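Chemist: show me the folded form of this:
(2 chains)
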Amino acid sequence: MTEGLPYPEKLLIISGKGGVGKTVLSSALAAVCASSGPTILLSLNGSRPAHPVFEVPVAYEPREILPDLWIADVDSLSAVREYVKRKVPFSGLYDSFLTSRMFRDFAEAAPGFQELMCLGKIYDLVCESRFARVIVDAPATGHLMTLLDVPSATAKVVQVGPLNHNARKIQDMLLDPERTRVLLATLPEEMAIQEARELHEFCVERRINTGPVLVNQHVARRFEASEVEQLLQLQAADGLAAGIRAACAEAELAAVQELALTGLEGMDHLLLPRLTTHVGEDLIQRLARHLSAESSNG
Amino acid sequence: MAERLLNAGFDIPAMIRDARIIVCCGAGGVGKTTSAAALGILAAQAGRSVCVMTIDPARRLAQAMGLAHLDDAPQAVAVPNGRLSAMMLNPKHTFDRMIETYSPSERVRDSIFANRYYQELSSTLGGSRELIAMERVLEIAGSEEFDLLIVDTPPAQHALDFLDGPRRLIDMLDGSFTRMLLAPYGFAARAQFNLFQHSSAAMMKFLERLTGVGMLADLSEFLLSFSSMFEGLKERSHRVMALMSEATTSFVLVCAPASASLRQVEHFASRLGESDLNIGGVLVNRVHESFGTEELSAADIRLLDELLPGQVASQTLSERVDAALQDARALSAADSAALHLLDELAQARWYVPHFNRDLHSLDDLLEFAEKLVDSGSVSLSG
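Modeler: Next up is the predicted model:
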């Protein structure tokens, strides 16, 4: 696991269809990156009291959970308050206003404002912190697309002033191929792959650096075609032997996945094996090994 | 390892017979759309006139229903022995129409449509997607055309986003900030407001420093127009809450047999319970088969190894068959361990097995529906 990743960008955003394993994959990526420098793993407006993989509490304040591996949740209101404190001199005077209902109403009422503030916090971590890597466990495809369009939309709507300035700064970072990369998480299933392709096209259109596709839960072929045929005959003949049925089912799944993966033709992708253990640190370490080995192979 | 047979699925027939509204909720990717469609098929085959409504931007129900495109208006789906329609919410379209309906005047309507906030960022307006869904639920539920509406909600991280969203947006419109913006224009000024005029001027100055000159003017213009629809929206929101609380509305919590997903179900269930909303059941999707406890016998091994083996494998065929069996059992054991999280829940549970393929044809949905009906026969190792 000392190989690290071949992607030099400091900001890695992981997104894809719901349920494909974004949290697991981003955790594994963060674990790989932490072996070569301080890394922070971010979620956005997560409502979970604890990180489902590392099983530690997550808050806005970064917390080191393993050597050089930090974790935080960027929630909009905390991001807004931090922005204000940095922006306005003597902002201490406004403390009571910042925690007031009226201020919260303002933040909710201004479309895109909270999203921009979250992205601003990410900007600070990428451009003005000691972290070598920022890994974002991003929302699912559709939601991420909306989020990535907020800076340009804000710059259009608000044409001067600090918000405009911030939106442009963030936009520059997102479009900078040396700083940002969107990784596409998927399962080896048709619809999830289609969503990964949609996100890929979205990024290409906007000139956001993207790829490769990380294919989670891949089941490699264990039986050759001639063997599967014979196993199927055995299954048909005496039917119920559990081992034969399990082997046939697995062979079918491997074939279905292979077919679905043809949808990735022409796209750079990594196959990460389906692991049968629980989600947990052990699984992360194993996935991380696969990730760094696979990506250093090409 | 003992087999435990789950007693489940006993009240699906009752739910699809009696409910007027079924709401499928859950995280992204757990199979809400598929479940909504399958329940729709079952209800249609039981003789109800059903509409399935999805709010999913990925247009997955369209694929699942085998329709070329789903429209904002319900379209008939060719289900054997039943009347089923499906529709997909087009958020921008419904939002526009809602503004047409509730704007007090043409002037207000035009100013909303012309506002840059509305044009560029209305999709980020917190709760707007849910508000739009709510609007459409009321329209369909109020029509005579269907006697059961099945709603596939947007993926939610937070319990009850679907119901909280509209309330949040309405609270915002009714909130102190919006009122402060409205006050200087003398529009909808409320008596208590004038008391704060002095301090609010300072606040505005502060916010302007934060965001830039002009931003607040644009924003207040937007909110000003928008909040003139406030009374209409508020009334709709109350009506939808009343509809959701009726005994004939059932929530179905869709989840995967993984601990993160199941913890969320616990949380959803308690929030729904607090609000006195009625949970029809918990649908656990993609449960791995247990493959019993029987190991490969000596005879099986002999038989397998006498078969013509492949060319490249480093292990014998029987070794690989055994490895496949052990992997399958490990997956099933992991599901069972996670499913203990539901032990405390009182609600009915339905289990649908893991399919080796994506479900995106009508036949696939029929098969899913069939499994859902006899989900009592799914067995778990444990």
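Chemist: which residues touch the closest residue to chain A within the stretch 101-250 of chain B?
Modeler: Of all residues in the stretch 101-250 of chain B, the one sitting closest to chain A is residue B:212 (1.6 Å; Cβ to the nearest Cβ). C-beta here means a position set from N, CA and C on the backbone, and glycine is covered the same way. Contacts of residue B:212 were listed using Cβ atoms under 8 Å, 6 or more residues apart in numbering or on different chains, and they are A:158, A:160, A:161, A:162, A:163, A:164.
Chemist: shouldn't the second one be within a strand?
Modeler: No - Residue A:160 sits outside any strand when classified using DSSP: H, G, I helix; E, B strand; the rest coil, being coil.
Chemist: residue B:211 is in contact with that one, correct?
Modeler: No - judged on Cβ atoms under 8 Å, residue A:160 makes no contact with residue B:211 at a distance of 10.3 Å.
Chemist: out of these two, which sits in the more crowded spot?
Modeler: residue B:211 (22 against 11; other Cβ atoms under 10 Å in any protein chain shown).
Chemist: count the neighbours of the nearest residue to the more buried one once chain neighbours are set aside for me.
Modeler: Distances taken as Cβ to Cβ, 6 or more residues apart in numbering or on different chains place residue A:163 nearest to residue B:211, at 4.7 Å, with adjacent residues excluded. Residue A:163 is flanked by 25 other residues according to other Cβ under 10 Å.
Chemist: any weak-confidence spans in the chain?
Modeler: Since no chain was named, I'll use chain A. A:1-4, A:90-93, A:239-240, A:278-281, A:294-298 (pLDDT under 70).
Chemist: wrong one, chain B
Modeler: Using pLDDT under 70, chain B drops low at B:1-10, B:56-71, B:126, B:156-159, B:182-200, B:213, B:309-313, B:376-382.
Chemist: who are the contact partners of the residue of it most remote from its centre?
Modeler: Taking Cα atoms, centre = their mean as the measure, the residue most remote from the mean C-alpha position of chain B is residue B:306, 51.6 Å away. Residues near residue B:306 by Cβ under 8 Å, 6+ apart: none.
Chemist: how about a cut-off of 10 Å?
Modeler: For residue B:306, the contacting residues are B:317, B:318, by Cβ atoms under 10 Å, 6 or more residues apart in numbering or on different chains.
Chemist: quick check: closest non-adjacent residue to the closest residue to chain B within the stretch 51-200 of chain A.
Modeler: The nearest approach of the stretch 51-200 of chain A to chain B comes at residue A:161, 1.6 Å away (Cβ to the nearest Cβ). Closest residue to residue A:161 apart from its sequence neighbours, by Cβ to Cβ, 6+ apart: residue B:212 at 1.6 Å.
Chemist: measure the one you found to residue A:83 for me?
Modeler: 13 Å (Cβ to Cβ, to the nearest Å).
Chemist: shared neighbours of these two, which are they?
Modeler: In contact with both residue B:212 and residue A:83: A:162, A:163, A:166, using Cβ under 10 Å, 6+ apart.
Chemist: quick check: which element contains the nearest residue to the last one once chain neighbours are set aside?
Modeler: Taking Cβ to Cβ, 6+ apart as the measure, residue A:166 lies nearest to residue A:120, with 5.7 Å between them; neighbours along the chain are not counted. Secondary-structure assignment from DSSP states H and E places residue A:120 in helix A:113-127.
Chemist: I'd like the next helix or strand past the longest helix seen in chain B.
Modeler: In chain B, taking DSSP state H as the definition, the longest helix is helix B:317-339. Using DSSP H and E, the helix or strand that follows helix B:317-339 in sequence is strand B:349-353.
Chemist: what about that following strand, near chain A?
Modeler: No - judged by Cβ under 10 Å from any Cβ of the partner chain, strand B:349-353 stays clear of chain A, getting no closer than 10.5 Å.
Chemist: now the next helix or strand after that strand against strand B:349-353, angle please.
Modeler: Proceeding N to C from strand B:349-353, the next assigned helix or strand is helix B:362-373, under DSSP H and E. Per axes from the mean of the first three to the mean of the last three Cα atoms, to 10 degrees, the angle that helix B:362-373 makes with strand B:349-353 is 140 degrees.
Chemist: can you list contacts of helix B:362-373?
Modeler: Under the contact criterion Cβ under 10 Å, 6+ apart, helix B:362-373 has outside partners B:9, B:12-13, B:16, B:31, B:34-35, B:37-45, B:61, B:64-67, B:77-80, B:84, B:283, B:285, B:287, B:350-353, B:355, B:357-359, B:361, B:377-378.
Chemist: ChimeraX command to pick out the buried ones of these?
Modeler: To isolate in ChimeraX the members of the contacts of helix B:362-373 that are buried, counting by 16 or more other Cβ atoms under 10 Å in any protein chain shown, one can use:
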select /B:9,12,16,31,34,35,37,38,39,40,41,42,43,44,45,61,64,65,67,77,79,84,283,285,287,350,351,352,355,357,358,359,378
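Chemist: sorry, back to before: distance between the longest helix of chain B and the chain's centre?
Modeler: Relative to its chain's centre, helix B:317-339 lies at 31 Å (Cα atoms, centre = their mean, to the nearest Å).
Chemist: send me it as PDB with only the CA atoms.
Modeler: This file holds the C-alpha atoms of helix B:317-339, laid out as PDB (Å, rounded to 0.1, in the frame of the first residue of the first chain):
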ATOM      1  CA  LEU B 317     -13.100 -27.800 -10.500                       C
ATOM      2  CA  SER B 318     -14.400 -29.200  -7.200                       C
ATOM      3  CA  GLU B 319     -12.100 -26.700  -5.300                       C
ATOM      4  CA  ARG B 320     -13.500 -23.800  -7.300                       C
ATOM      5  CA  VAL B 321     -17.100 -25.000  -6.800                       C
ATOM      6  CA  ASP B 322     -16.500 -25.200  -3.100                       C
ATOM      7  CA  ALA B 323     -15.000 -21.700  -3.100                       C
ATOM      8  CA  ALA B 324     -18.100 -20.400  -4.900                       C
ATOM      9  CA  LEU B 325     -20.300 -22.000  -2.300                       C
ATOM     10  CA  GLN B 326     -18.300 -20.600   0.600                       C
ATOM     11  CA  ASP B 327     -18.400 -17.100  -0.900                       C
ATOM     12  CA  ALA B 328     -22.200 -17.300  -1.400                       C
ATOM     13  CA  ARG B 329     -22.600 -18.400   2.200                       C
ATOM     14  CA  ALA B 330     -20.400 -15.600   3.500                       C
ATOM     15  CA  LEU B 331     -22.500 -13.100   1.700                       C
ATOM     16  CA  SER B 332     -25.700 -14.600   3.100                       C
ATOM     17  CA  ALA B 333     -24.200 -14.700   6.600                       C
ATOM     18  CA  ALA B 334     -23.200 -11.000   6.400                       C
ATOM     19  CA  ASP B 335     -26.800 -10.200   5.400                       C
ATOM     20  CA  SER B 336     -28.200 -12.200   8.300                       C
ATOM     21  CA  ALA B 337     -25.900 -10.500  10.800                       C
ATOM     22  CA  ALA B 338     -26.900  -7.000   9.500                       C
ATOM     23  CA  LEU B 339     -30.600  -7.900   9.500                       C
END
